[in-house]
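1. The sequence isn't on hand, but the structure is:
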Ligand SMILES: Nc1ncnc2c1ncn2[C@@H]1O[C@H](COP(=O)(O)OP(=O)(O)OP(=O)(O)O)[C@@H](O)[C@H]1O
């Protein structure tokens, strides 16, 4: 059987094309894990180049770090000074405390050996020690008090940055893997007080430096008076450093660890299958339980005793016996040294002085330990700070236009749209395949356009080009006689109401979800000024929202909710419980109430999204309405009503209507233009009757659906 511990160690060329500086990738299998380490050549072999590189890195990050520190200070300058001073105090505290203790111990030792006591000196030393302890307590209190406010302010300052930076990004930029990585880094840095932690790590480095200087001076002061004291301190320090470097955790190198054992993975996948409620229906329906159980047992058998313990732990088990012994024996070295010293010169040591030396040396060892073992080297911290600002600097990929749409085309109810030889491939696509190929068509104000075609033919993608979520890779789109790119993109978007296949339901109240169709009105919902005018406007808004809910078919669902329009269907609750096995019913009820997520069907969600669409279309500003499969989850009655209501937007209100559907019939018959998409190409366009006469793809698909209905009728 395979050994559960280290099974393989191999060195590979990093990427085949990487330079020597990039180093090599080293792979190691331990337990179920594979550890990949990036091993760089020792930079100290080339000191000139090393210094130059380090210097460059510092020059790059320093201005950003300066800005970061300035911004952190700006949240509360006075409080920040108090916080830093108390931090500085605590970093020198142990050294000063030690010095004061050593004074008291010395006085006591002198008194014991001379049998004479200098009461005043002892009293003064004890008094100073007590004052010092009092000041330390004040400092500690101030530190905690200021820290809570400061960490909150710094955290929210950078949270707001994240919000702003994210909201500014257009879709292609947001989907770019580099941006995504930066945003994720940003979130990682800022969530759970990340920005504050960075500030603290930075100030911690300064504190450690202050702490080391103070500790070394005090230690030298104490040890210097002891016979052999300096040697003692040195040995103690070496012992500490030995401990530090004896065992290197994986996380101190650039490493990536993953579970590479196929049997272990299979066990986890099978376990995952039964844990997810979403899979349960099919597991029961398809009677998969025996299969899952057997396969889990088979994988378990094949896994054998290969361990899934934390890899650091497994590496620790592998340490050679000699190293374990040498590490353990090093514990005794100071004691042995001390014994030898006493043997040579019994009068040179006193127990208090030994205790002091031991304490001083071990405190210093821990401080040095922090410098070496702290995962955040100073430069690393600075690089993290740089990542904080990277999202802010990200340039949007879409160049915004400057033409004010409503100013340029002031009086219109509908919208003219022309596509001229438009081709498009998604920026994220790895294959670069064109999903829209050379598509051309004309839509006039107030017309109804229906886009049909098979799955993946590019229907939804076409909609995303109408409002510049993406720009075509080639070809042109004209809106009301102007190139779409010339307009301010947000203006054009405001003049459209779009319902995509994957519509959103925000974790807000139902009324706000609908009201977001017209964001400028939505803010009225939370207006706290209770003037007569505001109350009147809020009332009007509520009526309009109810009207939109009726048009979208969600009114009844809303009425059924306990809090009606105020209901938050899926709230974002941050909660946790400490125990769950012995809770009372009242406890469980409260938990359920706090976490209450309403059961809403796909059709009901769709009705809510439609209500938002109708609320948006109620604005005169909206000139084009586009809906992508808006009836996919609706019952036939609602589907018919929806068609009527949407058509009304075009026939009575003059808005241009674009409708994507798989269903042929009511809407296609009334469409001014039907666009038939196939594999990214527009293969046919025209009116229903003309396309039927043509006998092409549309006629074929229409007949297929019609026949299906007919045969259903026959069956009945
Ligand atoms: N964000 C995206 N990034 C990369 N490729 C995408 C993206 N969205 C869609 N695609 C690809 O573009 C092609 C066209 O997709 P699109 O969603 O426009 O088709 P569709 O006709 O609306 O399909 P359906 O009828 O299934 O909704 C598909 O091959 C799809 O995989």
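-> Happy to help now that I have it. From a predicted model like this one, the values you see are computed outputs, not experimental measurements.
2. Show me what the helix or strand encompassing residue 151 packs onto, helices and strands only.
-> Applying DSSP states H and E as the criterion places residue 151 in helix 119-168. Under the contact definition 3 or more Cβ pairs under 8 Å, 6 or more residues apart in numbering; DSSP states H and E, helix 119-168 sits against helix 47-74, helix 77-114, helix 177-190, helix 194-224, helix 378-393. No exception for glycine: its C-beta is placed from N, CA and C like everyone else's.
3. redo that, cut-off 7 Å
-> helix 77-114, helix 177-190, helix 194-224, helix 378-393 (3 or more Cβ pairs under 7 Å, 6 or more residues apart in numbering; DSSP states H and E).
4. Would you state the helices of the stretch 401-550 of the chain in chain order?
-> Along the stretch 401-550 of the chain, counting by DSSP state H, counting those that start in this stretch, helices occupy 405-408, 459-466, 489-494, 510-515, 519-522, 532-552.
5. same question, the stretch 551-700 of the chain
-> 555-560, 585-594, 602-617, 636-651, 666-670, 688-694, 697-715.
6. Could you export those helices to a markdown table, including columns for distance to the ligand?
-> Listed next are the helices of the stretch 551-700 of the chain as a markdown table, based on distance: least, Cβ to the nearest ligand atom, whole Å:
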| stretch | distance to the ligand |
| --- | --- |
| helix 555-560 | 25 |
| helix 585-594 | 36 |
| helix 602-617 | 15 |
| helix 636-651 | 17 |
| helix 666-670 | 15 |
| helix 688-694 | 18 |
| helix 697-715 | 12 |
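7. how about those in a markdown table, adding mean pLDDT?
-> Output for those, formatted as a markdown table (pLDDT from 0 to 100):
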| stretch | mean pLDDT |
| --- | --- |
| helix 555-560 | 92 |
| helix 585-594 | 84 |
| helix 602-617 | 92 |
| helix 636-651 | 86 |
| helix 666-670 | 84 |
| helix 688-694 | 92 |
| helix 697-715 | 72 |
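8. among the helices and strands packed on helix 119-168, which is nearest residue 413?
-> helix 177-190 (38.1 Å; Cβ to Cβ).
9. mind putting the helices and strands packed on helix 119-168 in TSV, distance to residue 668, mean neighbour count and mean pLDDT included?
-> TSV is the format used below for the helices and strands packed on helix 119-168 (distance: least, Cβ to Cβ, whole Å; neighbours: other Cβ atoms under 10 Å; pLDDT from 0 to 100):
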stretch	distance to residue 668	mean neighbour count	mean pLDDT
helix 77-114	67	17	85
helix 177-190	39	16	65
helix 194-224	53	19	78
helix 378-393	45	18	77
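10. which one of the ones you listed lies closest to the ligand?
-> The ligand lies closest to helix 177-190 among the helices and strands packed on helix 119-168, at 12.1 Å (Cβ to the nearest ligand atom).
11. follow-up on the earlier one: also compute the angle for the helix holding residue 151 relative to helix 47-74, please.
-> In terms of direction (axes from the mean of the first three to the mean of the last three Cα atoms, to 10 degrees), helix 119-168 departs from helix 47-74 by 90 degrees.
12. So what angle separates the directions of helix 119-168 and helix 77-114?
-> Our comparison of helix 119-168 with helix 77-114, counting by the same axes, to 10 degrees, yields an angle of 150 degrees.
13. Could I get the average pLDDT for helix 119-168?
-> Mean pLDDT, computed over helix 119-168, is 89.
14. Name the residues of the stretch 301-450 of the chain found near the ligand, please.
-> Proximity of the stretch 301-450 of the chain to the ligand (Cβ under 6 Å from any ligand atom) is limited to residues 426, 428, 429, 435.
15. before we move on, the earlier item: in CSV: the helices of the stretch 551-700 of the chain, plus mean neighbour count.
-> Formatted as CSV, those follow (neighbours: other Cβ atoms under 10 Å):
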stretch, mean neighbour count
helix 555-560, 16
helix 585-594, 11
helix 602-617, 23
helix 636-651, 17
helix 666-670, 18
helix 688-694, 14
helix 697-715, 12
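16. Go through these and name the closest to residue 383.
-> helix 585-594 (40.3 Å).
17. who's in contact with the closest one?
-> Applying Cβ atoms under 7 Å, 6 or more residues apart in numbering, the contact partners of helix 585-594 are 573, 575, 577.
18. among the helices of the stretch 401-550 of the chain, which is the most enclosed?
-> helix 510-515 (a mean of 24; mean count of other Cβ atoms under 10 Å).
19. list the helices and strands it packs on?
-> With contacts defined as 3+ Cβ pairs under 7 Å, 6+ apart, the packing partners of helix 510-515 are helix 519-522, helix 532-552, helix 602-617.
20. Using a markdown table, lay out the helices and strands packed on helix 119-168 together with distance to residue 158.
-> Output for those, formatted as a markdown table (distance: least, Cβ to Cβ, whole Å):
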| stretch | distance to residue 158 |
| --- | --- |
| helix 77-114 | 15 |
| helix 177-190 | 4 |
| helix 194-224 | 4 |
| helix 378-393 | 7 |
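21. just so I know, which of the ones you listed lies nearest residue 682?
-> Nearest of these to residue 682, taken as Cβ to Cβ: helix 177-190 at 31.0 Å.
22. Tell me the one of the contacts of helix 585-594 nearest the ligand?
-> The ligand lies nearest to residue 573 out of these, by Cβ to the nearest ligand atom, at 30.5 Å.
23. Narrow the residues of the stretch 301-450 of the chain next to the ligand to those in strands?
-> Using DSSP state E, no member of these sits in strands.
24. which of these count as buried?
-> Using 16 or more other Cβ atoms under 10 Å as the burial test, these include 426, 435 as buried.
25. For the residues of the stretch 301-450 of the chain next to the ligand, give me TSV that also has pLDDT.
-> Compiled in TSV, these are given as follows (pLDDT from 0 to 100):
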residue	pLDDT
426	91
428	77
429	75
435	95
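26. what's the farthest-apart pair in the residues of the stretch 301-450 of the chain next to the ligand?
-> Using Cβ to Cβ, these span at most 11.4 Å, a distance reached by 428 and 435.
27. hey, what's in contact with both of these two?
-> Between them, residue 428 and residue 435 share no contacting residue, judged by Cβ under 7 Å, 6+ apart.
28. now residue 92, nearest residue through space, not along the chain?
-> Nearest non-adjacent residue to residue 92, counting by Cβ to Cβ, 6 or more residues apart in numbering: residue 214, 4.4 Å away.
29. Surely that neighbour touches residue 94?
-> No. The criterion here is Cβ atoms under 7 Å, and residue 214 misses it with residue 94 at 8.4 Å.
30. circling back: direction-wise, compare the helix holding residue 151 with helix 378-393 and give the angle.
-> Helix 119-168 and helix 378-393 are oriented at 30 degrees to each other (the same axes, to 10 degrees).
31. Report the inter-axis angle for helix 119-168 versus helix 194-224.
-> If you take the same axes, to 10 degrees, helix 119-168 sits at 160 degrees to helix 194-224.
32. Can you give me the distance of residue 526 to the ligand?
-> 33 Å (Cβ to the nearest ligand atom, to the nearest Å).
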